[in-house]
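# model this:
(chains A and B)
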Amino acid sequence: MTTSLSLYAPRDSGLDRLHPLTKLVFAVFGVVVGVTLPGVWPNYLFFLLVLLPLAAWGRIVPEFLRAVFKIALPFAISLFVIQGLFWTNGTPIFQLGSLSLKAEGLAFAAKTTGRILVVMGSITLFVLSTRPDHLMVALTQRGIPKTLTYVLVSAIQLVPRFQSKAASILDAQRARGLETEGGFFQRVRALLPVSIPLVLGSIVDVEERTIALEARGFSRDGPKTSYRVLIDTPAQRIVRALMLLASVALIVFTVVRWWAV
Amino acid sequence: MDRIRKDFTTITWVMIPVAIAINMALGFIVFSLKIPFLYLDSIGTILVGLLCGPIAGLLTGALSNFAWGLLGNPGYVPYFPVGALIGLLAGLFGQWGWYKQWWLWIFGGGLITALAGAVLSAPINAYLQGGVTGSGTDVLVAAFRAGGASILQASFFQGLITESVDKVVNYAVVWAIVKALPVRFLARFPRYINVRPE
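From the prediction side, this is the model:
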């Protein structure tokens, strides 16, 4: 499988060599931390003191920061502008003509931006440091049906192929004189002549793939052997258990706190 | 249970990753055509729901969001329940024979999906991302917030408006695609009965 197709950045690092499940559990833990940590600053601290050092350990800091900011920046801008200016009944702290920035809105925007940083950062760290096929092998070994892992692996392989197919159909139709620029309705009308060939073309090879898979015993029951061997250590098992425990504790803590309010 | 098992034939399992790739490739086309307020990223999901049943659709929608996450858009991952719901509903509408009445399929199916999607995505969006999407549709959020709506309400109305347009177009494109597919091919799917020409 070509790995350059996903976001995965191959590195010779300790983070890269960790068992995929350890990184997956960490991503889940990070998402739980992001959505449960109270207040404004804890999330920023978690990002700076946990996620960033882990990215450094994995030697993926530039990729990590680029990916996270690409996601978080548009949100942050929208949040500060919209919630800052249009917070209902907030305390104005800065006047801008007829509009004013509200303290509560800015606090909310800062809090939510921290949350987005931690949630997206955790998922991004996982995606950057984990080979998709290694993850699938690990999941299959833990009893996830192989049909499910097949779906994810082949989807990841198909997407770039389909994307280049879409681009060439777009070019081909343009060469035949299809208007793909101009007014809104003109562009909407261009949708069908582009999407139908793409879908029809791709669906036709579904039939061939079905026959190919059947011939290789896809629907046969029973255990299958794997080409890849993954290394797991007792230490990683303990860390995974601890992170899961901490996630459950954080969720319980948050629910109890909500209940008390 | 037995019916669900019958939906998951080998062709269903092959179709699901293709559908996920179709979701993304069409999303890419819409992006290239620069059509505002349109995503068109559920075509494959709706197609599987219609041709392979509601549970297969549900699975396609959910996995689509995870695949998107693995391919560099982690922002989609938290919305996997919305994808799942879209596939489930498409499967149910197909089962109820809505495909055979084009207006019922396109407007009934499209608008109900939009409403349900907005209901489900608003709390996720409001809690996780403070009600904004970081894109052009935030103009709507700003307008609703300025009008005194809460974050959850603003997120819901923004979702309802953009989703309504998007899902009606999604359902219309699926309708046109299935009409263009050869019957010989359609007949291989477990829910061929949903789309069989009269």
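# CA atoms for contacts and neighbours, from now on please.
Fine.
# residue contacts, the most centrally placed residue in chain B?
By C-alpha atoms, centre = their mean, chain B has its centre lying nearest to B:S42, at 3.6 Å. Neighbour list for B:S42: B:23, B:61, B:83, B:86, B:170 [criterion: C-alpha atoms under 8 Å, 6 or more residues apart in numbering or on different chains].
# out of those residues, which are inside helices?
Members of the contacts of B:S42 lying in helices (criterion: DSSP state H): B:23, B:61, B:83, B:86, B:170.
# list the contacts of the last one.
Under the criterion of C-alpha under 8 Å, 6+ apart, the contact list for B:N170 reads B:40-43, B:110.
# what's the top helix by length along chain A packed up against?
Counting by DSSP H, the longest helix found in chain A is helix A:146-175. Identification of packing neighbours for helix A:146-175 by 3 or more C-alpha pairs under 8 Å, 6 or more residues apart in numbering or on different chains; DSSP states H and E yields helix A:132-141, helix A:191-215, helix B:10-33, helix B:54-70.
# how about that helix: buried residues?
Of the residues in helix A:146-175, A:146, A:148-160, A:162-163, A:165-167, A:169-170 count as buried by neighbour count, 16 or more other C-alpha atoms under 10 Å in any protein chain shown.
# now do stretch B:5-19
B:7-19.
# between those, which is closest to B:W98?
Closest approach between the buried residues of stretch B:5-19 and B:W98, by C-alpha to C-alpha: B:D7, at 18.9 Å.
# that closest one and A:L245: what is the separation?
Separation of B:D7 from A:L245 (C-alpha to C-alpha, to the nearest Å): 37 Å.
# ok, now B:L120?
Applying C-alpha to C-alpha, the value for B:L120 to A:L245 is 28 Å.
# tell me which of the two has more neighbours.
Of the pair B:L120 and A:L245, B:L120 is the one with more neighbours under other C-alpha atoms under 10 Å in any protein chain shown, namely 17 against 12.
# give me the phi and psi for that one.
phi -80, psi -40 (degrees, to the nearest 10).
# pLDDT weak spots in chain B?
Low-confidence segments of chain B (pLDDT under 70): B:72.
# how about the helices in it?
B:2-7, B:10-33, B:43-52, B:54-70, B:80-95, B:102-103, B:110-129, B:138-146, B:151-180, B:183-186.
# buried deepest among the ones you listed, which one?
helix B:43-52 (a mean of 30; mean count of other C-alpha atoms under 10 Å in any protein chain shown).
# please save the CA atoms from that one in PDB.
Taking C-alpha atoms only, helix B:43-52 is exported to PDB below (Å, rounded to 0.1, in the frame of the first residue of the first chain):
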ATOM      1  CA  ILE B  43     -23.700  11.000  -2.800                       C
ATOM      2  CA  GLY B  44     -22.000   7.700  -2.100                       C
ATOM      3  CA  THR B  45     -23.600   7.300   1.300                       C
ATOM      4  CA  ILE B  46     -27.100   7.900  -0.100                       C
ATOM      5  CA  LEU B  47     -26.400   5.500  -3.000                       C
ATOM      6  CA  VAL B  48     -25.400   2.700  -0.700                       C
ATOM      7  CA  GLY B  49     -28.400   3.300   1.600                       C
ATOM      8  CA  LEU B  50     -30.700   3.000  -1.500                       C
ATOM      9  CA  LEU B  51     -29.000   0.000  -3.100                       C
ATOM     10  CA  CYS B  52     -27.800  -2.000  -0.100                       C
END
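# is any part of it close to chain A?
No: on the criterion C-alpha under 8 Å from any C-alpha of the partner chain, helix B:43-52 is out of touch with chain A, staying 8.7 Å away.
# packing partners for that helix?
helix B:10-33, helix B:54-70, helix B:80-95, helix B:151-180.
# thinking again about what came up before, just the closest of the contacts of B:S42 to chain A, please.
Of all the contacts of B:S42, B:N23 has the smallest distance to chain A: 9.1 Å, by C-alpha to the nearest C-alpha.
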